[in-house]
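1. Here is a sequence with its predicted model. Questions after.
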Amino acid sequence: MHAFYHKLLLFFLIALTVCKPAASQDTAFRAKHAAIVFPYPMIYEKWRSSIGFTLLTTPEDITEEVRIRIPCGDFRVLRRISDRLELDGRVMFQILQNHFSLGARYVLPVSEKLFLSAGDDIGYWFGILKLSGFDSKASGWANYPNASVGYRTKKNLLITLAGQVSFNYNYQAANGQNKFSAKEFYYNGETFTLALEQPFVNKKHLTLAVSGIYNYFYWQTWSLYYRTNRKVFYPQVTVALIL
Amino acid sequence: MALCLIACKKEYEVIMPDTSTWADFNSTQTTPIPFASRTPMEGIYGLTAGASTFGEITAIKWSYAIRGADTTYHLSGFFGTDIAYFICEGKRLHDSLLFNGYWRKMVSTQSGIMRLTINPTNGSNILLGSAPVVDSNKVTIAGVFGNGNDEPRQPISFTYQRKLHKDPTTFHILAHRSGGRSSDLLPVSENSVAMILKTPEFGSTGIEIDVRMTKDGVPILYHDNNLNLRLVQKSGLIGPIENYTYDQLNAFVRLIHGERIPTLREALNAVLYQTPLTFVWLDTKYVGPMDKVQAMQTEFLQKAAAAGRNLQIVIGLPTEDALNDFLKLPNYASTPALCELSLDDVKKTNAKIWAPRFTEGTQNANVDLVHAQGRLAFVWTLDVPGFTEQFIREGKFDGILSNFPSNVAFYYYAKR
Amino acid sequence: MQKDKIFILLLTCLLCAFSSPTLAQTLLENPSPKDTVITRKNSLVLHIGGGGSYYIAGINLRPIGLENSIQRMSAATTFRLMWYPNHRLRLGIESGYTNFYSYRVESGSQKGRVSLNAIPVLFIWSMPVVRRVNVYAGLGTYILNTHLTYLGEVKSKVISLGTNFAVSYTHPFSRLVGIAAEAKFMNAFETKDATMSLQVQLVWKFFQW
């Protein structure tokens, strides 16, 4: 944990060093629906949303030949509270298991090209498996403090580097009549994301992101195991159309 | 970003500490611990030091394995915290008993050296007596433990409280894939002879092994459908293991810790002649005739009887295909089998054992039905400590299959 | 581990390239317009080519009693169909063929050979970064085939998820045809197989609307 915060600080220092402020203020950046991950203040609109999918691959040494290769639907909504404060909601749906999160993020324009954000989300996930041989369900809560830095290029390509940590608590599971719960609040791991947002077809913009999730427990694998004895690396790709 | 991602992707391993540095234990004046001293030592001990690391109590149990001409006896201690255990070899030095080995927590990658002693003032004089009887508070095992290869300095001690719990009928502590999965970072590979020899140290009284057939009809132990890097080292051979003959596999393929893929015959030989294990569950992972597996089962049951060994070997039926192949055997009704499917399928196959998945709960009513038919009931694969404790306390199963047999051993032996 | 680091470093290079303030179009594109709506035509572009590849992942071959010699270099081909929408980002599919590695074994009088080849089937995203230079990133599957000849013959197949990353420089002959030099990193990460490839490709914009 200690080493992680050093790396996060180093990452932000590097980001701030290499990104140079523009010569003049650009108040004409009417990027309506052009950004969902990029930490841009919602000055011109009240809502932003995107729909897409994430694709994650699970490590074979943990999930063995049962490797999850099913895309997870991803719907995200931003609601303006003030020029710099936004509510951030996200639904990740995969039928057998689903994840909801809601939080807020504060956006800080440093220059016309460089933007920062910091936020915190509360997440809830649940899974149900009632098939032959299974009568299982589980759920849990999580907290996701997060931060990001965004760089806007001249050609309207928005690049975002985001970091997030997760804390899990209140894990509940049931198998038949047997129930198990763990109220322990524990540090679960980190996620780093690199996102590119840009125009794709006509006026539609696209989010392309790659994430490295590094967790003891990831909600999509709830039916396979409870918690591993070490952090597991899950690479994830996100593709979303900004609505 | 690059720095962060590189830092994230980390390869894990558990350090197997170097336990060869204890001078007293290596002394030429040490002798083996007498056989009569071992069994009375088994029991539930309360920790008076080290409880913050390992918990309040531990279950102590002896096991052995025969490797070549040597029989090695191991003293294992099972804890309720973090699925921890220790495994030590024992020697006698004058009037004291020394135990040298390592500890490990299965919920993490923590491990370290463990050195324990019973000296005359703490009960070794009782254990080394002619007819040792151990009562509460009469024996204290004390020593030190450390982290990794560091010199052990943290104190640990535990005092005998009571005997290990024992049900009126045999309870089977079954190790999945002969001892655990590759992902559990054990020092030997799953489904290997090396793991079979190691598994009694984890508290296992039996094993489940995965049986497949090579292209030329040799029954082998291998879990997955394909040759993959989870189980074997990279060799260029990929795809279903059934595509290859045994000689090709033997020439090119090594398990991740370097062992050869064992044949079923090698595995059963190891169980029968080199371990105290009393149960083998042959999980038939292949689709096809079962006559060869049945013949080997019969052969080794006869050998066990001839050797005076209490050993059960059952053919596992995990799928409808396996069940149908089993029913094609001419004498299936008298062939010991374990059925994972429905209770009707258990009756159809006349299986000795019904073994449902743990995800449907303790199913006490169904287990009572099965017992009324004169059959046993096992459950698989139980790894969450909370559920393991519940199933042992509230369930009626005759055996539990787990990747953490030490955890099952703790909750079973500590049961009141 | 080594190839993961190469992948991360390549990703970083892509990031730096993307953030370059001198983004421009290739000669196979219309000139870039202003603002977020670019009045370009849609087009379909075909890339066909080939070259050499070198297997860079680790191989821990120690068949006991067998002498072996590993061949890591081989030929590689690419077939890629790209859709160029009216913006910078492109989408396409890619396939091809490469032999990852092969080795011969010998034990007494018994000789044999093992070879592993791959057919990638990937979704590809690409972007121009500077004039005539494009970067590509793909995600999809590799169809892996092994061929063993030792104490019998075995052909076996498995499918692995994988990625690829490439950088190419395209020299146009006309508005529709050009020739490209491409450096590519291919990674079937489920089976931990990875190769670097250098190729020459014919680039043909065969349809526009």
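-> Received it, and whenever you're ready, just let me know what you need. Numbering: from 1, shown residues only, chains lettered A, B, ... in the order given.
2. number of nearby residues for residue B:324?
-> By other C-beta atoms under 10 Å in any protein chain shown, the residues close to residue B:324 number 11. (Glycine included, C-beta is placed from N, CA and C.)
3. Show me what counts as buried in the helix or strand encompassing it.
-> Under the criterion of DSSP states H and E, residue B:324 resides in helix B:320-327. Buried residues in helix B:320-327, counted by 16 or more other C-beta atoms under 10 Å in any protein chain shown: B:322-323, B:325-326.
4. Those residues: which two are farthest apart?
-> Within these, two members stand farthest from each other by C-beta to C-beta: B:323 and B:325, at 7.4 Å.
5. Can you tell me how far the closest residue to chain A within the stretch 301-416 of chain B is from chain C?
-> Residue nearest to chain A within the stretch 301-416 of chain B (C-beta to the nearest C-beta): residue B:361, separated by 2.0 Å. Separation of residue B:361 from chain C (C-beta to the nearest C-beta, to the nearest Å): 35 Å.
6. My read is that that residue contacts residue A:180, right?
-> No: Residue B:361 lies out of contact with residue A:180 (C-beta atoms under 8 Å); the separation is 10.9 Å.
7. Out of those two, name the residue with the larger neighbour count.
-> Per other C-beta under 10 Å, whichever of residue B:361 and residue A:180 has more neighbours is residue B:361, with 23 against 18.
8. What pLDDT does the model give that one?
-> pLDDT, residue B:361: 89.
9. residue ranges with poor pLDDT in the chain?
-> No chain was given, so I picked chain A. A:1-33, A:66-68, A:132-133, A:226-229 (pLDDT under 70).
10. try again with chain B
-> The model of chain B has pLDDT under 70 over residues B:1-12.
11. does residue C:50 have beta-bridge partners, and which?
-> Counting by DSSP bridges, residue C:50 forms beta bridges with residue C:77, residue C:200.
12. neighbours of the residue in chain B that chain C sits nearest to, just the number please.
-> Closest residue of chain B to chain C, C-beta to the nearest C-beta: residue B:239 (3.0 Å). Residues within reach of residue B:239, counting by other C-beta under 10 Å, total 20.
13. next one: residue B:272
-> Counted with other C-beta under 10 Å, residue B:272 comes out at 18.
14. pretty sure residue C:43 is touching residue C:204, no?
-> No: if you go by C-beta under 8 Å, residue C:43 and residue C:204 don't touch, sitting 10.5 Å apart.
15. More neighbours: which of these two?
-> Higher neighbour count among residue C:43 and residue C:204: residue C:43, with 20 against 16, using other C-beta under 10 Å.
16. Enumerate every residue touching the more buried one.
-> Shown in contact with residue C:43 (C-beta atoms under 8 Å, 6 or more residues apart in numbering or on different chains): C:83-84, C:205, C:207-209.
17. Sitting in strands, which of those residues do you find?
-> C:83-84, C:205, C:207-208 (DSSP state E).
18. Once you drop chain neighbours, what's closest to the residue of chain A found nearest chain B?
-> Chain B sits closest to residue A:176 of chain A, with a gap of 2.0 Å, by C-beta to the nearest C-beta. Distances taken as C-beta to C-beta, 6 or more residues apart in numbering or on different chains put residue B:361 closest to residue A:176, at 2.0 Å, once the chain neighbours are dropped.
19. Return the residues in contact with the one you found.
-> Counting by C-beta under 8 Å, 6+ apart, residue B:361 touches A:135, A:175-178.
20. that older thread, what's the first helix or strand after the helix holding residue B:324?
-> strand B:337-339.
21. Please tell me how far the residue of chain A closest to chain B sits from residue A:49.
-> 40 Å (C-beta to C-beta, to the nearest Å).
22. can you give me the helices in the stretch 51-200 of chain B?
-> Secondary structure of the stretch 51-200 of chain B (DSSP state H, counting those that start in this stretch): helices at B:51-54, B:124-127, B:193-198.
23. Could I get those in TSV, plus columns for distance to residue B:219 and mean neighbour count?
-> Converted to TSV, those look like this (distance: least, C-beta to C-beta, whole Å; neighbours: other C-beta atoms under 10 Å in any protein chain shown):
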stretch	distance to residue B:219	mean neighbour count
helix B:51-54	41	17
helix B:124-127	44	21
helix B:193-198	14	24
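24. picking up where we left off before, of the contacts of residue C:43, closest to residue A:43?
-> Closest to residue A:43 out of these is residue C:84 (32.7 Å), distances taken as C-beta to C-beta.
25. my read: residue B:97 touches residue B:75, true?
-> No: Residue B:97 lies out of contact with residue B:75 (C-beta under 8 Å); the separation is 9.3 Å.
26. how about low-confidence regions in chain C?
-> Ranges of chain C meeting pLDDT under 70: C:1-40, C:61-68.
27. now the farthest one out in chain A, which residue is it?
-> Most distant from the centre of chain A: residue A:177, at 34.2 Å, with distances by C-alpha atoms, centre = their mean.
28. and that one, how far is that from chain C?
-> Going from residue A:177 to chain C by C-beta to the nearest C-beta gives 38 Å.
29. And the residue of chain C closest to chain B?
-> Counting by C-beta to the nearest C-beta, chain C gets nearest chain B through residue C:156, at 3.0 Å.
30. so that residue sits right up against residue C:143, yeah?
-> No: here residue C:156 does not reach residue C:143: they are 11.7 Å apart, not a contact under C-beta under 8 Å.
31. which one of these two has more residues nearby?
-> Set residue C:156 next to residue C:143 and count neighbours by other C-beta under 10 Å: residue C:156 wins out with 20 against 17.
32. which SS class is the more buried one?
-> Using DSSP: H, G, I helix; E, B strand; the rest coil, the structure places residue C:156 in strand.
33. can you pull the contacts of the nearest residue to it once chain neighbours are set aside?
-> What sits nearest to residue C:156 in space, not counting adjacent residues and going by C-beta to C-beta, 6+ apart, is residue B:239, at 3.0 Å. By C-beta under 8 Å, 6+ apart, the contact set of residue B:239 is B:226-227, C:146, C:156-158.
34. Any idea how many residues pack against the closest residue in space to residue B:255 that isn't next to it in sequence?
-> Leaving aside its chain neighbours, residue B:255 sits nearest to residue B:189 (3.7 Å; criterion: C-beta to C-beta, 6+ apart). Residue B:189 has 27 neighbours, counted by other C-beta under 10 Å.
35. Residue B:400 and residue B:377 touch, don't they?
-> No: at 10.4 Å, residue B:400 does not count as touching residue B:377 under the criterion of C-beta under 8 Å.
36. Could you measure from residue C:187 over to residue C:97?
-> Distance, residue C:187 to residue C:97, using C-beta to C-beta: 16 Å.
37. Please identify which of these two sits among more neighbours.
-> residue C:187 (26 against 18).
38. so how far is the helix or strand harbouring that one from its chain's centroid?
-> Residue C:187 belongs to strand C:177-188 when assigned by DSSP H and E. The chain centroid and the centroid of strand C:177-188 are separated by 6 Å under C-alpha atoms, centre = their mean, to the nearest Å.
39. Show me which residues of that strand are buried.
-> Buried, per 16+ other C-beta under 10 Å, within strand C:177-188: C:178, C:180, C:182, C:184-188.
40. mind listing what that strand pairs with, with the direction of each?
-> Its sheet considered, strand C:177-188 pairs with strand C:153-172 (antiparallel), strand C:193-208 (antiparallel) by DSSP bridges.
41. Out of those strands, which is closest to residue B:279?
-> strand C:153-172 (34.4 Å).
42. send the alpha carbons of the closest one over as PDB?
-> C-alpha atoms of strand C:153-172 as PDB (Å, rounded to 0.1, in the frame of the first residue of the first chain):
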ATOM      1  CA  GLU C 153       2.600 -37.800 -35.600                       C
ATOM      2  CA  VAL C 154       0.200 -35.400 -33.900                       C
ATOM      3  CA  LYS C 155      -1.500 -32.200 -35.100                       C
ATOM      4  CA  SER C 156      -3.300 -30.300 -32.400                       C
ATOM      5  CA  LYS C 157      -5.000 -27.000 -32.100                       C
ATOM      6  CA  VAL C 158      -5.900 -24.500 -29.400                       C
ATOM      7  CA  ILE C 159      -7.300 -20.900 -29.400                       C
ATOM      8  CA  SER C 160      -5.700 -18.200 -27.300                       C
ATOM      9  CA  LEU C 161      -6.800 -14.700 -26.700                       C
ATOM     10  CA  GLY C 162      -4.200 -12.200 -27.900                       C
ATOM     11  CA  THR C 163      -3.200  -8.800 -28.900                       C
ATOM     12  CA  ASN C 164      -1.000  -7.100 -31.400                       C
ATOM     13  CA  PHE C 165       0.600  -3.700 -31.700                       C
ATOM     14  CA  ALA C 166       2.200  -2.300 -34.900                       C
ATOM     15  CA  VAL C 167       3.700   0.900 -36.300                       C
ATOM     16  CA  SER C 168       3.800   1.400 -40.100                       C
ATOM     17  CA  TYR C 169       5.200   3.900 -42.500                       C
ATOM     18  CA  THR C 170       3.300   4.100 -45.800                       C
ATOM     19  CA  HIS C 171       4.700   5.500 -49.000                       C
ATOM     20  CA  PRO C 172       2.000   6.300 -51.500                       C
END
